[in-house]
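Participant: Kindly return the folded structure for what I paste below:
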Amino acid sequence: MNRASQALESEERDRLVDEARVAEAIEQGLADVQAGRVIDDDAVDEVLRARLGDLID
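Facilitator: Take a look at the predicted model:
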């Protein structure tokens with residue numbers, strides 16, 4: 001196998017690993033939603049304002 005082939009195989013492997021990580025993160029996020037482990041945007045804003053005050057505006 002030449003270096004160009006090895007580089008392409010390495011790039012393809014990296015792409016597939018990245019795709020698998022994204023898919024896993026999406027699945028985890030969906031599981032979090034179903035389990036009620038998420039908060040809405042307004043709640044996030046409240047937490048940030050309480051902790052950071054004027055820094056977020």
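Participant: going forward, measure contacts and count neighbours with C-alpha atoms only.
Facilitator: Noted.
Participant: Which parts of this structure are strands?
Facilitator: Counting by DSSP state E, the chain has no strands at all.
Participant: tell me the mean pLDDT over the longest helix along the chain?
Facilitator: Of all segments of type helix in the chain, defined using DSSP state H, the longest is helix 3-35. Helix 3-35 carries an average pLDDT of 92.
Participant: Run the chain-centre distance for that helix.
Facilitator: 11 Å (C-alpha atoms, centre = their mean, to the nearest Å).
Participant: List the residues that contact the residue most central in space within the chain.
Facilitator: Taking C-alpha atoms, centre = their mean, the centroid of the chain lies closest to residue 25, which sits 5.5 Å from it. If you count contacts by C-alpha atoms under 8 Å, 6 or more residues apart in numbering, residue 25 has none.
Participant: could you measure it against residue 31, distance?
Facilitator: 10 Å (C-alpha to C-alpha, to the nearest Å).
Participant: hang on, isn't residue 38 packed against residue 32?
Facilitator: Yes - using C-alpha atoms under 8 Å, residue 38 is in contact with residue 32, at 6.4 Å.
Participant: Got phi/psi on residue 40?
Facilitator: Backbone torsions for residue 40, taken as degrees, to the nearest 10, come to phi -80, psi 170.
Participant: count of residues packed around it?
Facilitator: Residue neighbour count, defined by other C-alpha atoms under 10 Å, stands at 7 for residue 40.
Participant: for residue 9, same thing?
Facilitator: So residue 9, with other C-alpha under 10 Å, has 12 neighbours.
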